[in-house]
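S.K.: pasting the sequence and the predicted coordinates here, then a few questions.
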Amino acid sequence: AQTVTQSQPEMSVQEAETVTLSCTYDTSESDYYLFWYKQPPSRQMILVIRQEAYKQQNATENRFSVNFQKAAKSFSLKISDSQLGDAAMYFCALKTSYDKVIFGPGTSLSVIP
Amino acid sequence: DSGVTQTPKHLITATGQRVTLRCSPRSGDLSVYWYQQSLDQGLQFLIQYYNGEERAKGNILERFSAQQFPDLHSELNLSSLELGDSALYFCASRGTGVGYGYTFGSGTRLTVV
């Protein structure tokens, strides 16, 4: 079975600082995809970044980057130069060949001005 | 605008009633996924359709059913509603590339009173 775990229910960061959100997952498959989604107070689900498991290079999207450790089944999200608009719930997600995406329980990020 | 359209945005109904939630995927997307997000909870996968056919089922109650029509829009039917069915119901669609993440609609907020 596929599982996604986010061990930090809540995190906070000072504006302009860097924060890292943790995610671990479990799958028996070798080919899969990992995602981070952001859900702001509007409740819209927004794709932040994605990583193909076969790629060793960590994905980066502007201020967002990941640390993908395949052997450890770890997929953390780093947010640099945090902004007030980054305050949201962040979900880590896993997609395997079974197609459906499994989401973690989420981490609520607060940004302190 | 994500391109995935969900209607209605809000729905208030009484226990025991039946409602229908509607979703139109992004143009060209054949897959539709339904998720339920209860208050302060993660996203629970309900069901997936691909080009009109049911592809995968998650934790969907027998009181719930769904279908995808020839024009690819999908409907989620919830019957004999209970207070615990109050939640945000998301629809998502996905492009045909295997590595694509979901694109979510803005959700339907269902309140059962």
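M.R.: Right, received. Where do you want to start?
S.K.: any idea what the closest residue to B:N59 other than its chain neighbours is bridged to?
M.R.: Nearest non-adjacent residue to B:N59, counting by C-beta to C-beta, 6 or more residues apart in numbering or on different chains: B:Q44, 5.4 Å away. C-beta here means a position set from N, CA and C on the backbone, and glycine is covered the same way. Counting by DSSP bridges, B:Q44 is bridged to B:Q36.
S.K.: how about B:Q44, what does it touch?
M.R.: By C-beta atoms under 8 Å, 6 or more residues apart in numbering or on different chains, B:Q44 lies in contact with B:35-38, B:58-59.
S.K.: need these in TSV with pLDDT and distance to A:V19, can you?
M.R.: Shown next, in TSV, are these (pLDDT from 0 to 100; distance: C-beta to C-beta, whole Å):
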residue	pLDDT	distance to A:V19
B:Y35	95	26
B:Q36	96	29
B:Q37	94	23
B:S38	89	27
B:G58	89	31
B:N59	83	32
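S.K.: quickly check those residues for the two that are furthest apart.
M.R.: Within the contacts of B:Q44, two members stand farthest from each other by C-beta to C-beta: B:S38 and B:G58, at 14.0 Å.
S.K.: format the CA atom coordinates belonging to stretch A:16-32 as CSV.
M.R.: Written as CSV, here are the backbone C-alpha positions of stretch A:16-32 (Å, rounded to 0.1, in the frame of the first residue of the first chain):
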residue,chain,number,x,y,z
ALA,A,16,12.1,36.5,4.5
GLU,A,17,13.4,33.4,6.3
THR,A,18,13.7,29.8,5.1
VAL,A,19,11.6,26.9,6.2
THR,A,20,11.6,23.2,5.4
LEU,A,21,8.5,21.0,5.5
SER,A,22,9.0,17.3,5.9
CYS,A,23,7.4,14.4,4.0
THR,A,24,8.1,10.7,4.0
TYR,A,25,6.3,8.2,1.8
ASP,A,26,6.1,4.5,1.2
THR,A,27,5.6,2.6,-2.0
SER,A,28,6.9,-0.6,-3.5
GLU,A,29,7.1,0.8,-7.0
SER,A,30,10.2,2.2,-8.5
ASP,A,31,8.5,4.6,-10.9
TYR,A,32,6.4,7.3,-9.2
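S.K.: that one and chain B, are they touching?
M.R.: No - using C-beta under 8 Å from any C-beta of the partner chain, stretch A:16-32 stays clear of chain B, with a minimum separation of 8.6 Å.
S.K.: and the pLDDT for A:T60?
M.R.: A:T60 is assigned 90 on the pLDDT scale.
S.K.: residues near it, how many?
M.R.: Counted with other C-beta atoms under 10 Å in any protein chain shown, residues neighbouring A:T60 total 12.
S.K.: contacting residues for it?
M.R.: So A:T60 contacts A:49, A:66 (C-beta under 8 Å, 6+ apart).
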